[in-house]
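Undergrad: After the sequence you'll find the predicted model.
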Amino acid sequence: MGALAAEPVLTVRDLVVHYHTPRGPIKAVEHVSFDVYKGERFGLVGESGCGKSTTAMALLRLIKPPGRIETGEVRLEGRDLLTLKPDELRTLRWRDLSLIPQGAMNSLNPVMRIREQIEDVIICHEGRPSPAELAERVHKLLNMVGLPRRVTTMYPHELSGGMKQRVCIAMAIALNPKLVIADELTSALDVVVQRVVIQTLMEVQERLGTSLIVIGHDMGLQAQLVDRLAVMYAGRIAEIADAITIFEQPLHPYTRLLIASVPSTKEKKPLQAIPGLPPTLLNPPPGCAFHPRCPAAFERCAVEVPRLQEVAPKHQVACHLFSERIS
Amino acid sequence: MTTSLLEVRGATKIFARGLVRKQITVALREFSLAIPHEPPVIATIAGESGSGKTTLARLVLGFLSPTSGQILYKGKELTSLSRSEWFDYRREVQAIFQDPYEVYNPFYRVDHVLQVVIEKFRLAQGRQASRALMEESLQVVGLRPGEILGKYPHQLSGGQRQRIMLARAFLLKPRLIVADEPVSMLDASLRAMVLDIMLKLKRDFGISFLYITHDLSTAYQISDTLCILYRGAVAEIGRAGAIIETPKHPYTQLLVESIPVPHPRLKWRGLIELPPEQEIGTVSTSGCAFADRCPHVMAVCRASPPPLFAVGEDQSAACYLYASAATAAETATGARGGPH
């Protein structure tokens, strides 16, 4: 964790991403704003379809048609990523900003040896160093993620899921980027392997001082991994605070239900589901999108969209239960 | 001893590949389990990928036959069932699978999966009766028939689709449902709903479950008995609460400890490493499969596979650490099920 510098590495302001379909725009990301600080591990959580992956893809400008970034500003150390030209963007990816994609283990090229895939990243961005230097760097990277040297000559199918995942981590950090985005890092792995992969990621991140955005739906994993997190619902941020505050004093009813829905292994208690279903983003409910499922909803929730407001230092919530208190 | 509803007796499944240099994989080794006629239970099989849990499901469903050992339903071996007995078996033992997206034909309305069952097993005469039956079964799984019937699969959420599969199974009033990772593709909030329905079907309709999962926390919440598999062999078996609260086998201990606790003040302690050979799965030991990763490994562990030792009331572990404590070995608890 360490002391967090006050200066943000990444600032996202008023990001809006829509997917344009014949039936109208799907509002995947609506007015999302947050900061990620230097050396920080920042979580972005929510159920499937809440817009967390779309947000990440927008940061990397990887939104494909019919999706479109409508408005917003994304600054990485002051540079606005949304106005960069394609070739500027290409040099920036991997070097300043890298991604460990969802299902990363299936994103490796099946007909290239592991060594070649990692070398590729280095050569594309820094030109070709001497073979000895290149080999040395690949070994160092693999060593950092806890993989043995002989993995270099292997093909992806020879590795287990956890090992492939660690190869992806090695590639993501190869050029020492300022920010790494990990999308559903371990969703297909067993608990023990998951723990090893996360432990590796945390070790590497601490050693390099990189900032990290971790996208996921598992509140248990988020608790283990991140310093601060944003909870998303139906394309908007519901709550942002440091991890301890989110888990000890969650304010938004959705955050509370999300935490309560994680099954415990300490005591047997009735399983708690969140009633109802997540809304479709094609036609979200008016007002607060969570109001039809919210146990604390009142009249105002059905008409007015709650703004994300600071209710305590570094604790922001978008809920009318708390907006009254301020205004 | 009365016969069990379902009994797996020393089942071993070996897969061989390659013609010249045969590579042999023991997917399941000497596995035994019994599910009683009464009371209904949720028996959970937990383990990581490659532990043999899906092989077990496929054996029980009759998709595979064991290399050695037996699978008995109401005391009769699956392979020797007559045509009509097999028909009954297929009615009384139902299955639901991991991916609620793949089991539907996208060209048919979801009514189709229910309709087929009603026709095949002649559950109702006429349209109205079958419609009533569909509605009843959807209500049991907490769905409003009006919102479901007539829809196409893509119009429904994963949780709804998985519940329709439960409704489909329920139509047949089965004795046993084999649920292979039924919630692993669902979000946490929907997961609880599906598991709740399993509990309800057990409690109100006397349906037993063979619940196959890699998620120990949901196993803890809903199961009666729990069996931890590691590389095809049982590591620990017994009452679910006992195993999760006081795990005895070093592998179970590692598993329980690795479940991420949803609290930032309760973090994982200590770093763990996986030996690469084990990860790639290239080793084959003649002894305990966990020996290479075990912090307490002894010489005997590499010599021969450990039998089950009683480690508590209704709890046994296949680990030599408990050899001296329980010389009576596996006979003491009967947790393993089946005649000894």
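TA: Happy to help now that I have it.

Undergrad: does any part of stretch B:147-157 sit near chain A?
TA: Yes: contact of stretch B:147-157 with chain A (C-beta under 8 Å from any C-beta of the partner chain) involves B:Ser157. From N, CA and C alone the C-beta is placed, and that goes for glycine too.

Undergrad: contacting residues around that stretch?
TA: Residues external to stretch B:147-157 that are found in contact with it (C-beta atoms under 8 Å, 6 or more residues apart in numbering or on different chains): A:277-278, B:101, B:104-106, B:108-111, B:134-135, B:138, B:160-161, B:164, B:190.

Undergrad: In stretch A:293-307, which residues are buried?
TA: In terms of neighbour count (16 or more other C-beta atoms under 10 Å in any protein chain shown), stretch A:293-307 has its buried residues at A:Arg293, A:Cys294, A:Ala297, A:Cys301, A:Pro306.

Undergrad: With stretch A:172-191 instead?
TA: Within stretch A:172-191, the residues that qualify as buried are A:172-175, A:177-186, A:188-191, counting by 16+ other C-beta under 10 Å.

Undergrad: Which ones, among the residues you listed, also lie beside chain B?
TA: Checking these against chain B by C-beta under 8 Å from any C-beta, the ones in range are A:Asp190, A:Val191.

Undergrad: Tell me which of the buried residues of stretch A:172-191 fall in strands.
TA: Using DSSP state E, A:Leu179, A:Val180, A:Ile181, A:Ala182, A:Asp183 are the members of those that sit in strands.

Undergrad: can I get these in TSV with distance to B:Lys202 and pLDDT?
TA: Formatted as TSV, these follow (distance: C-beta to C-beta, whole Å; pLDDT from 0 to 100):
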residue	distance to B:Lys202	pLDDT
A:Leu179	48	94
A:Val180	45	95
A:Ile181	42	94
A:Ala182	38	92
A:Asp183	37	89
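
Undergrad: Which residue is it, in the stretch 1-150 of chain B, that comes closest to chain A?
TA: Closest to chain A within the stretch 1-150 of chain B is B:Glu48: 3.6 Å, counting by C-beta to the nearest C-beta.

Undergrad: Surely that residue and A:Val192 touch.
TA: Yes: in this structure, B:Glu48 is within contact of A:Val192 by C-beta atoms under 8 Å, at 6.8 Å.

Undergrad: give me the low-pLDDT residue ranges for the stretch 151-300 of chain A?
TA: A:188 (pLDDT under 70).

Undergrad: For chain B, what's its nearest residue on the stretch 1-150 of chain A.
TA: When distances are taken as C-beta to the nearest C-beta, the stretch 1-150 of chain A reaches nearest to chain B at A:Glu47, 4.2 Å away.

Undergrad: Read off the pLDDT value for that residue.
TA: A:Glu47 is assigned a predicted lDDT (pLDDT) of 85.

Undergrad: count of residues packed around the closest residue to it other than its chain neighbours?
TA: Nearest residue to A:Glu47, sequence neighbours excluded (C-beta to C-beta, 6 or more residues apart in numbering or on different chains): B:Asp187, at 4.2 Å. Counted by other C-beta atoms under 10 Å in any protein chain shown, the residues lying close to B:Asp187 total 23.

Undergrad: So which bits of stretch A:103-112 are buried?
TA: Counting neighbours by 16+ other C-beta under 10 Å, stretch A:103-112 gives A:Ala104, A:Met105, A:Leu108 as buried.

Undergrad: was I right about A:Arg41 contacting A:Val204?
TA: No: because the distance of 11.6 Å does not satisfy C-beta under 8 Å, A:Arg41 is recorded as not touching A:Val204.

Undergrad: Pick out whichever of these two has more residues nearby.
TA: A:Arg41 (25 against 21).

Undergrad: List phi and psi for that one.
TA: For A:Arg41, the backbone dihedrals are phi -110, psi 110 (criterion: degrees, to the nearest 10).

Undergrad: B:Thr213 now?
TA: The phi and psi torsions at B:Thr213 (degrees, to the nearest 10) take the values phi -160, psi 160.

Undergrad: What separation do you get for it and A:Tyr37?
TA: Using C-beta to C-beta, to the nearest Å, we find B:Thr213 at a distance of 38 Å from A:Tyr37.

Undergrad: Check A:Lys269 too.
TA: 36 Å.

Undergrad: Pick out whichever of the two has more residues nearby.
TA: The neighbour comparison of A:Lys269 against A:Tyr37 (other C-beta under 10 Å) goes to A:Tyr37, with 17 against 10.

Undergrad: After the lowest-mean-pLDDT helix or strand in chain B, which helix or strand is next?
TA: Evaluated with mean pLDDT, DSSP states H and E, the helix-and-strand set of chain B has its lowest mean pLDDT in helix B:276-280, which scores a mean of 61. On the C-terminal side of helix B:276-280, the closest following helix or strand by DSSP states H and E is helix B:299-303.

Undergrad: Which strands and helices lie in contact with that following helix?
TA: Contacts of helix B:299-303 with other secondary structure elements, assessed using 3 or more C-beta pairs under 8 Å, 6 or more residues apart in numbering or on different chains; DSSP states H and E, are absent: no helix or strand is involved.

Undergrad: Identify all contacting residues around it.
TA: With contact meaning C-beta under 8 Å, 6+ apart, helix B:299-303 is reached by B:Thr285, B:Ser286, B:Gly287, B:Cys288, B:Ala291, B:Cys294, B:Tyr320, B:Ala323.

Undergrad: nearest residue to the last one other than its sequence neighbours?
TA: Think B:Ala323. Of all residues not flanking B:Ala323 in the chain, B:Phe309 sits nearest, at 6.0 Å (C-beta to C-beta, 6+ apart).

Undergrad: which residues does A:Thr11 bridge with?
TA: Per DSSP bridges, the residues bridged to A:Thr11 are A:Asp35, A:Arg75.

Undergrad: Same check on the one 4 residues further on?
TA: According to DSSP bridges, the partner residues bridging A:Leu15 are A:Val32.

Undergrad: The one 5 residues further on too?
TA: In this structure, A:His20 bridges to A:Pro25 when assessed by DSSP bridges.

Undergrad: Let me see the contact set for it.
TA: Contact criterion C-beta under 8 Å, 6+ apart gives A:Ile26, A:Pro65, A:Pro66, A:Gly67, A:Arg68 as the residues in contact with A:His20.

Undergrad: Enumerate the beta-bridge partners assigned to the fourth one.
TA: Going back to what we said before, that points to A:Gly67. According to DSSP bridges, beta-bridge pairing links A:Gly67 with A:Tyr19.

Undergrad: Contacts only, for it.
TA: Residues touching A:Gly67, when contacts are defined by C-beta under 8 Å, 6+ apart, comprise A:Val17, A:His18, A:Tyr19, A:His20, A:Ala28, A:Thr54.

Undergrad: Dump these into JSON lines; add distance to B:Ser80 as well.
TA: As requested, these are arranged in JSON lines below (distance: C-beta to C-beta, whole Å):
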{"residue": "A:Val17", "distance to B:Ser80": "60"}
{"residue": "A:His18", "distance to B:Ser80": "61"}
{"residue": "A:Tyr19", "distance to B:Ser80": "56"}
{"residue": "A:His20", "distance to B:Ser80": "61"}
{"residue": "A:Ala28", "distance to B:Ser80": "56"}
{"residue": "A:Thr54", "distance to B:Ser80": "55"}
